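K.L.:
3D, please:
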Amino acid sequence: ARPVRGKAYLGLLCLALAAAVPTGHWGATITHGAGYFRLDAPEPSRDPDPREDRWRRWSNLVPREFPVRLEYSRRGRVRHLSHRETGDLLVEACRAAGIPLTTAGVVSPRPKLSFGPSLPVGVTGLREFVDLSLTQKRPGIVAALNEHLPEGLAVRRARYLPAGVVRALVPPQRACYEAQIPPSVVPALREALRDWERETAWEIERDKGGRRQIVDLKAQVRNVRLEADGQEARLRFELELEGEGIKARPQELVQALLSRSDVDVRTIPLCRHRLLGRGADPLAPWREPMEMVDRALRRARAAARRYG
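P.N.:
Residues are numbered from 1 along each chain as shown. As a prediction, the model looks like this:
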């Protein structure tokens, strides 16, 4: 390096800096030569990569999140609870079981959870799902939750989701329902189904707070069929969950098809036995929410083996 000459006070200042700053720490060292001062080239640092150290400090400040998807069933008396009340029961069960939930918000923090399509009041659900976010992984989460849930509300299985898998999941697009039909009204229901196949539109009128709403059931209901086996008869159908406009309710379809009989529709048990989705590809097969998770996990593991 080129010599830098100076006065006595500059030499004293450089000596003080050389004594205070360790060699190689700030990238340069000031040394005293024979009658002049010289700036030496920085020595190679043997410390760890500063980028890794910076990321380590940042990861300690930001809490980690572990997304998990739960599949649960709602039957019995708890089927008369609303969608929000069911969520409150699951949150209280998580707190009682000591499952650490990630919260959102500063003034009034609330647990981060996302439910699937809302289940109508009075309808049994066999394969519903909810996405939670935990601060740390908890083994045996299914058994821990079932100990604190009321009778009729049970968690079936759980899957932890990597961060990249959560964004790739497709929301449900169809809901499959089943209604138990009394054998006495089966002939009238068969006749109503023949009319259903002939009609191109099946509109009903709904009164909501004094407002008149028209709902076309034919545009939202798919694959209506009657399965009769001896003393049991089941009406199966699928409801579209996507699209704009007023959504049809499963009770409205049963009431429309049984309008020629004197049976009370409120006494007919309804069950939503699964949810289906396939994304924007019309040729893709229909899959349940947990099947989508298992498929996404398999693809993530295969990509890790290939590129990792």
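K.L.:
Which stretches in the stretch 101-250 of the chain count as strands?
P.N.:
Here the stretch 101-250 of the chain has its strands, by DSSP state E, counting those that start in this stretch, at 103-104, 110-111, 113-115, 124-134, 153-160, 174-181, 203-208, 211-216, 221-229, 232-240.
K.L.:
The ones you listed: which one's closest to residue 167?
P.N.:
Comparing those against residue 167 with CB to CB, the closest turns out to be strand 124-134 (12.0 Å). C-beta: built from backbone N, CA, C; applies to glycine.
K.L.:
residues in contact with residue 93?
P.N.:
The contact partners of residue 93, by CB atoms under 8 Å, 6 or more residues apart in numbering, come to 145, 148-149.
K.L.:
What separation is there between the residue lying closest to residue 240 once chain neighbours are set aside and residue 212?
P.N.:
In space, and not counting its chain neighbours, residue 240 is closest to residue 220: 4.7 Å by CB to CB, 6 or more residues apart in numbering. Distance, residue 220 to residue 212, using CB to CB, to the nearest Å: 18 Å.
K.L.:
per-residue confidence for the closest residue to residue 90 other than its chain neighbours?
P.N.:
For residue 90, ignoring the flanking residues on the chain, the nearest one in space by CB to CB, 6+ apart is residue 130 at 6.4 Å. For residue 130, the pLDDT comes out at 93.
K.L.:
does residue 130 have beta-bridge partners, and which?
P.N.:
residue 70, residue 115 (DSSP bridges).
K.L.:
so how far is residue 115 from it?
P.N.:
5 Å.
K.L.:
Compare neighbour counts for the two and give me the winner.
P.N.:
Set residue 130 next to residue 115 and count neighbours by other CB atoms under 10 Å: residue 130 wins out with 19 against 15.
K.L.:
quick one, what contacts the more buried one?
P.N.:
Counting by CB under 8 Å, 6+ apart, residue 130 touches 69-70, 72, 87, 90, 113-116.
K.L.:
Could you do residue 286 as well?
P.N.:
Applying CB under 8 Å, 6+ apart, we find residue 286 in contact with 174, 276-278.
K.L.:
Kindly report the same for residue 249.
P.N.:
Applying CB under 8 Å, 6+ apart to residue 249 gives the contacts residue 120.
K.L.:
distance of it from residue 202?
P.N.:
Distance, residue 249 to residue 202, by CB to CB: 14 Å.
K.L.:
Quick check: closest non-adjacent residue to the most centrally placed residue in the chain.
P.N.:
Most central in the chain under CA atoms, centre = their mean is residue 131, positioned 3.6 Å from the mean C-alpha point. Distances taken as CB to CB, 6+ apart place residue 114 nearest to residue 131, at 4.4 Å, with adjacent residues excluded.
K.L.:
For that neighbour, grab the count of nearby residues.
P.N.:
Burial measure for residue 114: 14 neighbouring residues, criterion other CB under 10 Å.
K.L.:
How about residue 292?
P.N.:
Applying other CB under 10 Å, we find 22 residues neighbouring residue 292.
K.L.:
Let me know whether it touches residue 172 as I believe.
P.N.:
No. If you go by CB atoms under 8 Å, residue 292 and residue 172 don't touch, sitting 9.2 Å apart.
K.L.:
which residues are common contacts for these two?
P.N.:
Listed as contacting both residue 292 and residue 172 by CB under 8 Å, 6+ apart are residue 277.
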